[in-house]
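[1] dropping a prediction and its sequence here:
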Amino acid sequence: MNNAGAARGTARPAAGGEFDREADVVVVGGGGAGLPTALFARWLGDDVVLLEKAPELGGTAKKAAFWYWVPNNEPMRAAGLTDEKDDFLRYVARLSRPTRYDPQSPTFGLTEWEYAMAGAIHDSASPAAELLAERDALPYRHCPAVPDYWAEIPEDKAPYGRVLVPRDASESMSDGGENAIRTLSAAAARDGVEVRTSHRVQRLIVDAGRVVGVEASTPDGRSHRVGARKAVVFATGGFTHDDELRANFLGVPAYRGCAAATNEGDFVRIASAVGAQLRNMNYAWMCPVPLERSGRPDLVGMFSVAGDSMLFVDKTGRRVVNEKLPYNELAQAFFRWDGTAGEYPNLVLVQIWDQRSQDHSASTEYGRLIVPPGADDSHVIRGATLDELAGAIAARLESVSDRTGGLRLAPEFLENLRSTITRFDELATKGVDEDFHRGETAVQQLFNGPVKDEPGRVNPTMWPLAETGPYYAALVTGGTLDTKGGPRTDPDGRVLDDVGEPIPGLYGVGNCVASASAQAYWAGGATLGPIIAFAHRAATAAHAG
Ligand SMILES: Cc1cc2nc3c(=O)[nH]c(=O)nc-3n(C[C@H](O)[C@H](O)[C@H](O)COP(=O)(O)OP(=O)(O)OC[C@H]3O[C@@H](n4cnc5c(N)ncnc54)[C@H](O)[C@@H]3O)c2cc1C
C-alpha cells in the first residue's frame, strides 16, 4: 500500500467477545459500492458504521467518470423508450457467455446464478438510482445519446439511453467520480452514517458460525473490534494492487491498473478463510495504460485513444488492432499468445502520431497520450523523422526492459513501419478501414476525442499521417481498471459457501465479489450501475436479517 496505512495481518477469523463499538450494519470500504450500501442501510433505519482503509473516502470511484448503466431507467420510461427485461438479458447473455448463448433457452445460455444476477440488475438498478437521486445523495442527468458498447448487435433492443451521470459533472465527465463521492459523502454525514477512515479491516469475528463483526487496524498499530448485529457488508474493491493475486488468478498477464492503491484483494483472503467460494477470478475490467505509468497511483487509463492521424504498431512495425475499440476490448489485444515464438508479441504496442494530431487532438482528459504543452509528457517519444523516431522508441524500450521481459524492436521495424503508414494512409483517404474496421461503430465515434475539422469526410477517426516529421510515439500495454472476481454472492449480496449456502451475517457488493458479467463490459457505466443495484439489494436483505 502506498500510503501510511496499516500493514496486512492474518485473515483467520477471530472468536466473538467484547466489541469497542457495535452497530446494526458494518460496511467495509467507502468507494462506489460502500457509500451507497451504507446510505441504503441507514435510510432503512439501521445504525451504520463504515470502515475505510484509506485516509479518505472514494476508492476507485473517485477517479471514475461515474457513468452508471441503468437499464429501463426513469428518463427512458418517461421518453417512451422500452427496455424489456428479456431483451436486456439476451444482450447480457450474448456478450457474457457468447459460446453458450442461446436465445431460445429459458436462461439464454447463462447459468441459473448468472441469470438471476443479471435479472437483479434490471429489477433494481433504476429504483436504487431513483432513491439516491430523491435523497440528494446522487442527483443525475440522463445521457440519451450515449450508445451501449455493442449498440449495433441485433440483441441490443435499447441501444441508447441507459447511461446516467452525476448531475453536476462536466461535459467531459472526467470529474464525475469526484462529484458523486462528494454528494454521497455529504449525504452519509448528513444522515448519520458513522465513517471511520484509515481503518483496514483484517478479519472477521465469528460466533457460532455467524459473522458478528470485524477487526480493523489503524496505522498506529491499534486493533479495533466492531460488532454487527445484522450484517457485515464488504465493498473493498478488487485485487489490482496485489501482484501475486493478479499473476495467479487473471487469465492474462495484465499490468497494474488504475484502481485505488488500497485495493489489494483483502476480501479474497478474508472470505476464503471462512469458506467462501470464489468465482470469475480470471477476468478484470480492462483498459489500455501507458506502460511507463503502470503502478502509479494517479494512473487513469486510456478511455479514448485520441487522434485521427494516429496508429498503433507492434514491435515489428505492423498494425495489429483497431485503435478505436472500446477500452476493455482494446486492452485484450496486448495479450495474444504466440505459441510458436513462445511470447506475447503485442505485449507493448507503440502509438504513433504526427504534428496534425499533436496540434488538434491534445488533451489532458482521461489518460490521453497526446498531451498539450505544459502537461506531463514524460511518456512521449519524439523524432524529427521516422528513422529518428524508431531509434528513440528502441532506446525507450531498452529503458523499461525490466518490465517487459526484455522486449525489443525487430530489425525490420522501420521498413515495416513505412509500409504500414502507406497502407494506413490509403485506407484513411478512402475513409474505410478494410483491415481493422476503425470507426465503424457508434461507440468508436463517441470516444474519438477531438480531431481537426475536415468537412465532408467519411470517417472522422482516420486521416493520413504527414509525409514529414516531427513524429511522436508512446508505449502502451493492457492493465486493469480493477478486477471483478471474488466470493460468489446471491442476488441479495449474501456471500455463499462451498455448497452455495449463505455464510450467516456476511455480504459483499462491488468489485470485491464475483461479477456475473464474465468477460463482458456491456456498456459505459456497466460496473457502477449494477453496483448500485446490488448495494440496494444487499442493504435491504441485511436490514431484514
Ligand atoms: C479512471 C477510471 C474511470 C472509471 N469510470 C467508470 C465509469 O464511468 N463508470 C463505471 O461504471 N465504472 C467506472 N470505473 C470503474 C469504477 O470506478 C469501479 O468499478 C468502482 O469504483 C468499484 O466500486 P467498489 O466499491 O467495488 O471499489 P472502489 O470504488 O475501489 O472502493 C473500494 C474501497 O474499499 C477500500 N478498502 C479496500 N480494502 C479495505 C479494507 N481491508 N478495509 C477497509 N477498506 C478497504 C478501498 O480503500 C476503497 O476505498 C472507472 C475506473 C477508473 C479507474
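    It's in.
[2] was I right about Leu465 contacting Arg423?
    No: with contact defined as C-beta atoms under 8 Å, Leu465 does not reach Arg423; the gap is 11.1 Å. C-beta coordinates here come from the backbone N, C-alpha and C atoms, glycine included.
[3] so for these two, which sits in the more crowded spot?
    Leu465 (25 against 15; other C-beta atoms under 10 Å).
[4] what sits against that one?
    The neighbourhood of Leu465, defined by C-beta atoms under 8 Å, 6 or more residues apart in numbering, consists of Ser309, Met310, Leu311, Ile352, Trp353, Asp354, Ile421, Phe424, Asp425, Tyr471.
[5] closest to Pro139 out of these?
    Lowest distance from Pro139 to the contacts of Leu465 (C-beta to C-beta) belongs to Met310, with 37.1 Å.
[6] how near is that closest one to the ligand?
    21 Å (C-beta to the nearest ligand atom, to the nearest Å).
[7] any idea how many residues pack against the closest residue to Glu440 other than its chain neighbours?
    With sequence-adjacent residues excluded and distances taken as C-beta to C-beta, 6 or more residues apart in numbering, Glu440 is closest to Asp433, at 7.3 Å. Asp433 has 20 neighbouring residues, counting by other C-beta under 10 Å.
[8] the one 5 residues further on too?
    Counted with other C-beta under 10 Å, residues neighbouring Arg438 total 24.
[9] okay, it and the ligand: tell me how far apart.
    Remark: distance between Arg438 and the ligand (C-beta to the nearest ligand atom) = 23 Å.
[10] which stretch of helix or strand covers that residue?
    Counting by DSSP states H and E, there is no helix or strand that carries Arg438.
[11] residues touching it, list them.
    Arg438 neighbours (C-beta under 8 Å, 6+ apart): Asn322, Glu323, Lys324, Gln444, Asn459, Thr461, Met462.
[12] repeat that for 10 Å
    If you count contacts by C-beta atoms under 10 Å, 6 or more residues apart in numbering, Arg438 has them with 308, 311, 319, 321-325, 424, 427-428, 432, 444, 448, 459, 461-462.
[13] and the gap between Gly257 and the ligand?
    For Gly257, the distance to the ligand equals 7 Å [C-beta to the nearest ligand atom].
[14] just to revisit the earlier point, the contacts of Leu465 into JSON lines, with extra columns for secondary structure, neighbour count and pLDDT?
    Below are the contacts of Leu465 laid out as JSON lines (DSSP: H, G, I helix; E, B strand; the rest coil; neighbours: other C-beta atoms under 10 Å; pLDDT from 0 to 100):
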{"residue": "Ser309", "secondary structure": "coil", "neighbour count": "24", "pLDDT": "98"}
{"residue": "Met310", "secondary structure": "strand", "neighbour count": "27", "pLDDT": "98"}
{"residue": "Leu311", "secondary structure": "strand", "neighbour count": "27", "pLDDT": "98"}
{"residue": "Ile352", "secondary structure": "strand", "neighbour count": "29", "pLDDT": "98"}
{"residue": "Trp353", "secondary structure": "strand", "neighbour count": "25", "pLDDT": "98"}
{"residue": "Asp354", "secondary structure": "strand", "neighbour count": "22", "pLDDT": "98"}
{"residue": "Ile421", "secondary structure": "helix", "neighbour count": "24", "pLDDT": "98"}
{"residue": "Phe424", "secondary structure": "helix", "neighbour count": "24", "pLDDT": "98"}
{"residue": "Asp425", "secondary structure": "helix", "neighbour count": "18", "pLDDT": "98"}
{"residue": "Tyr471", "secondary structure": "strand", "neighbour count": "25", "pLDDT": "98"}
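[15] tabulate those residues (JSON lines), appending distance to Pro106.
    Formatted as JSON lines, those follow (distance: C-beta to C-beta, whole Å):
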{"residue": "Ser309", "distance to Pro106": "50"}
{"residue": "Met310", "distance to Pro106": "46"}
{"residue": "Leu311", "distance to Pro106": "46"}
{"residue": "Ile352", "distance to Pro106": "50"}
{"residue": "Trp353", "distance to Pro106": "50"}
{"residue": "Asp354", "distance to Pro106": "54"}
{"residue": "Ile421", "distance to Pro106": "52"}
{"residue": "Phe424", "distance to Pro106": "47"}
{"residue": "Asp425", "distance to Pro106": "52"}
{"residue": "Tyr471", "distance to Pro106": "56"}
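[16] so which bits of the stretch 1-150 of the chain are right by the ligand?
    Contact residues (C-beta under 6 Å from any ligand atom) of the stretch 1-150 of the chain with the ligand: 28-34, 51-54, 59-61, 63-68.
[17] quick revisit: and the gap between the residue nearest to Glu440 and the ligand?
    For Asp433, the distance to the ligand - C-beta to the nearest ligand atom - is 27 Å.
[18] any idea of the mean pLDDT in stretch 65-79?
    Averaged over stretch 65-79, pLDDT sits at 97.
[19] measure it end to end?
    25 Å (C-alpha to C-alpha, to the nearest Å).
[20] and if you look at stretch 98-113?
    End to end - C-alpha to C-alpha - stretch 98-113 spans 16 Å.
[21] equivalent analysis for stretch 158-177, please.
    25 Å.
[22] go on, stretch 72-83?
    First residue to last in stretch 72-83 (C-alpha to C-alpha) measures 5 Å.
[23] go on, stretch 250-258?
    End-to-end for stretch 250-258, by C-alpha to C-alpha: 16 Å.
[24] and if you look at stretch 488-498?
    Stretch 488-498 end-to-end distance (C-alpha to C-alpha) = 10 Å.
[25] any idea which helix or strand carries the closest residue to Leu44 other than its chain neighbours?
    Spatially, and ignoring its direct neighbours in sequence, Leu44 is nearest to His543 (4.3 Å; C-beta to C-beta, 6+ apart). According to DSSP H and E, His543 maps onto helix 528-544.
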